[in-house]
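In: okay, here's the prediction I keep looking at, along with the sequence it came from:
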Amino acid sequence: MSDKLADTMEALDLTNKQTTEGGEDDDFVDPWNVVGNSVKGIDYEKLIRRFGSSRIDSALIERFEKVTGKPAHHLLKRGVFFSHRDLHSILTLHEQGKPFYLYTGRGPSSSSIHMGHLIPFVFTKWLQEVFNVPLVIQLTDDEKYLWKDLTLEETQKLAVENAKDIIALGFDVDKTFIFADFTFIGQCPEFYQNMIRIQKRVTVNQIKGNFGFGDSDCIGKMSFPATQAAPAFSSSFPFIFGNRKDVPCLIPCAIDQDTYFRMTRDVAPRLGCTKPALIHSTFFPALQGAQTKMSASDSNSSIYLTDTPKQLKTKVNKYAFSGGQTSVEEHRRLGGNCEVDISYKYLTFFLEDDAKLQKIREDYTSGAMLTGELKAELISVLTPIVTSHQENRKAVTDEIVKQFMTPRPMKCGF
């Protein structure tokens, strides 16, 4: 198969794929909506086939550890980051001592991020430390203005608040550039020029097919994918990479964002740029069950980093979907179902101790551990994470935010 044909096939209409490969019982996943048809959550094997990505298997994890000399992150070992595009090429670059960079982002639609938003940033921070590479973080305040009932000024304020949450995770200011679209694009002609280059090479039919836009959608939505694609090209950041447009990037993101980057990978060769590599995560489920991801619009579906210990405890005890039985006696006899229990699922994200997690799974499945005890375990794990983040965030001043969001060279060892 020719490279051109492969590029074209990679950018195929997602809507058509869902129609031809799946039926009414299939999960629905796009960049804004995630709905599963099973209490177990999204069928990720089907999603890999539908999107045409590759599973992260044990051999790739083993190579990752060999190339980096570091043990794999628990989110990688447990399959939270489960799918990829061209991750092998990034590992080869690292072996050869050649440069690449990381790119991830956040759409600021609320004043605080929730626990699900932590996942890509925690993992991205680890990747940055392992590879010692620059990181760019895009805050799409323009996207949220187009999609949400928010004023332009509100989205800009939310971007700053979200930047503080991200900085509080401990990113290195010498290696990390955070930018909000409304502010940065006007400061950087090269970024805007790449946006226009991308827009010129993507048709309205492709955008409608890939993203499901209709005739009643505003034209801003149709042009926005080019804005999210532009950071995947090193020439968008001349203050970091000079005039080089061949520095590859690795994008850690939830798999619902893959639609944007299939388009980006299709356009890249026609711009003389390197295709971005991706590493996809599963979705962090809502407290009410794994059929949807957390929603910033429903405060009871999410645990926010601003929640007090009391609020966190109440949300877990009241709303976390249980895989337990209807009575203690039944639970002791039949055991619980970890495949649907939200407290257990959350522990797979945040409890780093593999042996302890396995013991909890065995005890809950056998009925030795009750649902209330499992929820108490989750509360004990999440509470220090939230309270520690709140303390760290207090130390993030406006001046520190300005440092992270000022275009400047990076100090990154290549």
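Out: All right, it came through fine. On a predicted model such as this, the values are computed, not experimentally measured, just so you know.
In: give me the domain ranges for the protein.
Out: 3-287, 299-394 (automatic domain parsing).
In: wait, isn't E352 in contact with H74?
Out: Yes: using C-beta atoms under 8 Å as the test, E352 is close enough to H74 to be in contact (5.2 Å). Yep, even glycine has a C-beta here, placed from its N, CA and C like the rest.
In: between the two, which one's more packed in?
Out: For E352 and H74, the more surrounded residue by other C-beta atoms under 10 Å is H74, and the numbers stand at 18 against 12.
In: return the residues in contact with the more buried one.
Out: With contact taken as C-beta atoms under 8 Å, 6 or more residues apart in numbering, H74 is in contact with E352, D354.
In: state the distance from it to D354.
Out: As for H74, its distance to D354 is 7 Å (criterion: C-beta to C-beta, to the nearest Å).
In: of all the domains of the chain, which lies closest to K402?
Out: domain 3-287 (9.8 Å; C-beta to C-beta).
In: how far away from the center of its chain is the closest one?
Out: Per C-alpha atoms, centre = their mean, to the nearest Å, the displacement of domain 3-287 from the mean C-alpha position of its chain is 7 Å.
In: average model confidence for it?
Out: For domain 3-287, mean pLDDT is 90.
In: show me the contacts for S111.
Out: With contacts defined as C-beta under 8 Å, 6+ apart, the neighbours of S111 are L158, E161, N162, T306.
In: ok, it to A395 distance?
Out: Counting by C-beta to C-beta, the separation of S111 from A395 is 18 Å.
In: tell me where the stretch 301-414 of the chain has helices.
Out: When assigned using DSSP state H, counting those that start in this stretch, the helices of the stretch 301-414 of the chain occupy the ranges 309-319, 328-334, 342-350, 354-366, 371-394, 398-404.
In: quick one: the third one to chain centroid distance?
Out: The reference is to helix 342-350. Offset of helix 342-350 from its chain centre (C-alpha atoms, centre = their mean): 17 Å.
In: what is that helix packed up against?
Out: helix 115-131, strand 285-286, strand 289-293, helix 354-366, helix 371-394 (3 or more C-beta pairs under 8 Å, 6 or more residues apart in numbering; DSSP states H and E).
In: and that helix, average pLDDT?
Out: Averaged across helix 342-350, the pLDDT comes to 96.
In: ok, now the second one?
Out: The predicted model gives helix 328-334 an average pLDDT of 95.
In: redo the contacts of S111 as CSV? Include neighbour count.
Out: Below are those laid out as CSV (neighbours: other C-beta atoms under 10 Å):
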residue, neighbour count
L158, 23
E161, 16
N162, 24
T306, 17
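In: now these in JSON lines, with secondary structure and distance to Y344?
Out: Conversion of the contacts of S111 to JSON lines gives the following (DSSP: H, G, I helix; E, B strand; the rest coil; distance: C-beta to C-beta, whole Å):
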{"residue": "L158", "secondary structure": "helix", "distance to Y344": "32"}
{"residue": "E161", "secondary structure": "helix", "distance to Y344": "31"}
{"residue": "N162", "secondary structure": "helix", "distance to Y344": "29"}
{"residue": "T306", "secondary structure": "coil", "distance to Y344": "25"}
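In: next, format those as TSV and append distance to T203.
Out: Putting these into TSV (distance: C-beta to C-beta, whole Å) gives the following:
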residue	distance to T203
L158	32
E161	37
N162	33
T306	43
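In: so which of the residues you listed would you say is closest to D256?
Out: N162 (18.3 Å).
In: the nearest residue to that closest one once chain neighbours are set aside: which element?
Out: Spatial nearest neighbour of N162, excluding adjacent residues (C-beta to C-beta, 6 or more residues apart in numbering): P108 at 4.3 Å. Using DSSP states H and E, no element contains P108; it sits outside every helix and strand.
In: make residue 1 into 304 and carry on from there
Out: Yes, from this point I'll number from 304; that puts the last item at P411.
In: how deep is P411 tucked in, by neighbour count?
Out: If you count neighbours by other C-beta under 10 Å, P411 ends up with 27.
In: that one and E457 touch, don't they?
Out: No: between P411 and E457 there is no contact under C-beta under 8 Å: 9.4 Å.
In: thinking again about what came up before, show me what contacts the residue nearest to N465?
Out: Residues counted as contacts of P411 (C-beta under 8 Å, 6+ apart) are L442, T443, D444, K447, T458, L461, A462, E464, N465, A483.
In: cool, G626 as well?
Out: Contact criterion C-beta under 8 Å, 6+ apart gives G639, N640, C641, E642, V643, D644, Y647, Y667, T674 as the residues in contact with G626.
In: run the last query once more with 10 Å
Out: With contacts defined as C-beta atoms under 10 Å, 6 or more residues apart in numbering, G626 is in contact with 342-343, 634, 638-648, 667-668, 674, 677.
In: and those, which are buried?
Out: 634, 638-641, 643-648, 667-668, 674, 677 (16 or more other C-beta atoms under 10 Å).
In: sorry, back to before: what sits in contact with each of P411 and E457?
Out: By C-beta under 10 Å, 6+ apart, P411 and E457 have these common neighbours: D444, K447, K451.
In: measure A533 to T585 for me?
Out: Using C-beta to C-beta, we find A533 at a distance of 27 Å from T585.
In: what about those two, which has more around it?
Out: Counted by other C-beta under 10 Å, A533 and T585 do not tie: A533 has more neighbours, with 27 against 24.
In: starting from F707, give me the distance back to the more buried one.
Out: Plainly put, A533 is 19 Å away from F707 if you go by C-beta to C-beta.
In: S392 too?
Out: S392 is 29 Å from F707, where distance means C-beta to C-beta.
In: have a look at those two and say which one is more surrounded.
Out: Set side by side, S392 and F707 show unequal neighbour counts under other C-beta under 10 Å, the larger going to F707 at 20 against 15.
In: thanks a lot, catch you later.
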